[in-house]
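Student: build me a structure from this.
(2 chains)
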Amino acid sequence: MRTGVFYENFQSEEQLWNSPVKRFWMLAFICALLTLPFWGTQYILAMACIVGIHVIATLGLNLTTGNAGLISLSHGAFLGVGCYTVAYLGKLGVPFYVTIPVAGIFTAMLGVIVGLPSLKVKGIYLAIATLAAHFILSFVFREWTPVTGGVQGTTIPRANFFGYELMGDKDNFYLIYFLAIILGIAARNLGRTYIGRAFVAVRDRDISAEILGVNLLKTKLLAFATGAFYAGVAGGVLGYFYGAIVPDYFALTLSIFYLAAVIVGGLGSVLGSIFGALFMTFVPEALRLLSNASSHWFPNAAGLVLPMGQVVFGLLIIIFLVFEPHGLTANWRRVKRYFHLWPFKT
Amino acid sequence: MIEFVEYSLLGLLSGGVMALIALSFVLIYKGTGVVNFAVGEVMMLGAYLYYAAAVTFELPPVVAFLISLAVISILAMLVERTVLRPLSGQPAVAVMMATIGMSSIMHGTIETIWGGDTYQPPGLIPRTPLFLGEILIPGSVLGNFAIAGILIACFLAFFRYSKTGIALRATASDPVTAATLGININFATLLTWMLAGSVGTVAGVLIASSAGLAPSLSGAALGVFAAIILGGMDSVLGAIVASLFLGWLESISAGYLGGKSRDVIPYVVVLLILVVRPYGIFGTRTIERL
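Tutor: A predicted model of the protein is given here:
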């Protein structure tokens, strides 16, 4: 049971980590994360990088869909836009600390255009509008060969930090997690500002929000733009991480993967985005390891990993929707509450 | 000119099957308010069941077809009971994701059982091509169109004249009043799902028996969203007209602009419609404009 935490002013109560215990654990977590490249194996490091990229993208989608309630099925295509922007600019010799923000801003502008139908339609109609946008964007990825390299895909030159090339997973790890931590804190802070509250107001009851003076037009487009910005940044670091990309990577399944991550993690919560991205990355991995382990008894298990992964993916979505609509964050809160109140029962 | 007529005819005829898929979608949206992203997979599962019954168990095609219809109806009922009913009243994103989850499960199951190969199920209809002057129309296209047309006509008649059909329409337009008048709403919802599943199965079997059966079949249903938006999501007539129009448009654009434009033209239409006239051509204007 936590005791001895007193607030003497509003500021200390309102800060992000409002108790010494929380600050300690947060610091310990970040330190452990930053030393991961020194003790983790190659496999752990690569997985950590992928999780980091997914976390950034999921944070963005959670702002658009979780906080502002605008369903977006074009998030995967936004990642593609970010990735191709970085690829194009990188080949012109632009350094990564310029290309990544530019990718984010460019994708955000595109997000505003895709979000335009949200002014006229909402709910499921919006989902279909973003679906249409997804197909148009992936058509562009495949056909605009001078920029995107067409179906064969394109390569991305290594990130160069004042003459030092970011090579291998170790260097990329720091790039990814630097961005992930900054963007995570930004998302968390956004929730405490006027804009974040406007997002939630629009999601919960848009007519009331408008009467209270929230500009719906601006808020909705801003929600799309913010989500797309995160996707653009995630796509950019994805490009630097893989070094080469094909348009097939940004299929509709990627958008659905992020939507599933948001739902499994918890709508409208930063912690939920992190949990969701982590969970959804490791479930297919666990299946793969399981099939490797069982290949002794079932020789054709390797071929079944992909379809079985789809089945598990669908089951997870439905199980979470039916039994735990608030996602893993709800579980986390319950566990935390138990320890807070111990030895009393919740 | 001959070329134009040929493309137009082929497009219109292929629009007939698309109208069936659209009908399956509209039935569910109108009846239960659920946007069913699993239409393509339902279609595919029906086709695979037909293939399994007809080829693996060597049943006559008609019997196999009836068996696949029955199995799909039962599955649709189960899904409605276990997944969609607990979710009623949840936000749109939750229900949408549930249907996406179901489509993922079905897709994965099909690939686990049958793999990624292309099969050729036996045809239900004769394949004699039709010659109209210089224009050749493949028999499968014509047969598909005929079956789709007959089925759609049956459905329209069913909704118009039969007591059950009128009950379904009543439930769709106002569930509370319908319940007060003694209509069993739960049964109506179940029946809607079963009917939609059956229509999807017919579409799947028709497409599979003319173009082969592979997991990519489900992709055919994504283009149907364009037709539904164009026609209005809750209009059966709109779905049919829009499907025919889009079939024609796709065929014309593929003929004159090259095959690749087929992937993108329907979605450009969708975006235009959503910006200009979000309720479609025949849909009801119930969208809140905010």
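
Student: now do the helices in chain B.
Tutor: Under the criterion DSSP state H, helices of chain B are mapped to B:2-32, B:39-51, B:61-79, B:85-87, B:92-114, B:139-161, B:163-173, B:175-180, B:185-211, B:224-231, B:236-257, B:265-276.

Student: orientation of the fifth one relative to helix B:61-79 in degrees?
Tutor: Computed with axes from the mean of the first three to the mean of the last three CA atoms, to 10 degrees, the direction of helix B:92-114 lies at 140 degrees from that of helix B:61-79.

Student: the last one too?
Tutor: Going by the same axes, to 10 degrees, helix B:265-276 is angled at 40 degrees with respect to helix B:61-79.

Student: which one of the helices of chain B lies nearest to chain A?
Tutor: helix B:92-114 (3.1 Å; CB to the nearest CB). C-beta: built from backbone N, CA, C; applies to glycine.

Student: wait, does that closest one make contact with chain A?
Tutor: Yes. Remark: helix B:92-114 sits within contact range of chain A at B:92-94, B:96-98, B:100-112, by CB under 8 Å from any CB of the partner chain.

Student: give me the neighbour count for A:Q152.
Tutor: By other CB atoms under 10 Å in any protein chain shown, the residues close to A:Q152 number 10.

Student: ok, now how distant is it from A:A244?
Tutor: Distance, A:Q152 to A:A244, using CB to CB, to the nearest Å: 10 Å.

Student: cool, and B:L237?
Tutor: For B:L237, the distance to A:A244 equals 49 Å [CB to CB].

Student: the strands in the stretch 151-300 of chain A, which residues?
Tutor: Taking DSSP state E, counting those that start in this stretch, the strands of the stretch 151-300 of chain A run over residues A:154-155, A:160-161, A:164-165, A:244-245.

Student: closest one to chain B among those?
Tutor: By CB to the nearest CB (comparing all of the strands of the stretch 151-300 of chain A), the closest turns out to be strand A:154-155, at 19.0 Å.

Student: what lines up beside the closest one in the sheet?
Tutor: Here strand A:154-155 has these sheet partners by DSSP bridges: strand A:244-245 (antiparallel).

Student: just how off-centre is the partner strand within its chain?
Tutor: Relative to the chain's own centre, strand A:244-245 is displaced by 20 Å; criterion: CA atoms, centre = their mean, to the nearest Å.

Student: mean confidence for it?
Tutor: For strand A:244-245, mean pLDDT rounds to 88.

Student: rewinding a little: which of the helices of chain B sits closest to A:F38?
Tutor: helix B:92-114 (38.3 Å; CB to CB).

Student: elements contacting the closest one?
Tutor: helix A:124-143, helix A:252-265, helix A:301-323, helix B:39-51, helix B:85-87 (3 or more CB pairs under 8 Å, 6 or more residues apart in numbering or on different chains; DSSP states H and E).

Student: CA atoms only: put it into PDB for me.
Tutor: Taking C-alpha atoms only, helix B:92-114 is exported to PDB below (Å, rounded to 0.1, in the frame of the first residue of the first chain):
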ATOM      1  CA  ALA B  92     -18.900   1.200 -34.600                       C
ATOM      2  CA  VAL B  93     -15.200   0.500 -34.500                       C
ATOM      3  CA  ALA B  94     -15.700  -2.500 -32.100                       C
ATOM      4  CA  VAL B  95     -18.300  -4.200 -34.400                       C
ATOM      5  CA  MET B  96     -16.300  -3.400 -37.500                       C
ATOM      6  CA  MET B  97     -13.200  -4.900 -35.900                       C
ATOM      7  CA  ALA B  98     -15.200  -8.000 -34.900                       C
ATOM      8  CA  THR B  99     -16.100  -8.700 -38.500                       C
ATOM      9  CA  ILE B 100     -12.500  -8.100 -39.500                       C
ATOM     10  CA  GLY B 101     -11.400 -10.500 -36.800                       C
ATOM     11  CA  MET B 102     -13.900 -13.100 -38.200                       C
ATOM     12  CA  SER B 103     -12.700 -12.600 -41.700                       C
ATOM     13  CA  SER B 104      -9.100 -13.200 -40.500                       C
ATOM     14  CA  ILE B 105     -10.200 -16.400 -38.700                       C
ATOM     15  CA  MET B 106     -12.000 -17.700 -41.800                       C
ATOM     16  CA  HIS B 107      -9.100 -16.800 -44.100                       C
ATOM     17  CA  GLY B 108      -6.600 -18.500 -41.800                       C
ATOM     18  CA  THR B 109      -8.700 -21.600 -41.400                       C
ATOM     19  CA  ILE B 110      -9.100 -21.900 -45.200                       C
ATOM     20  CA  GLU B 111      -5.400 -21.600 -45.800                       C
ATOM     21  CA  THR B 112      -4.600 -24.100 -43.100                       C
ATOM     22  CA  ILE B 113      -6.900 -26.700 -44.600                       C
ATOM     23  CA  TRP B 114      -6.600 -26.100 -48.300                       C
END
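
Student: no further questions, thank you.
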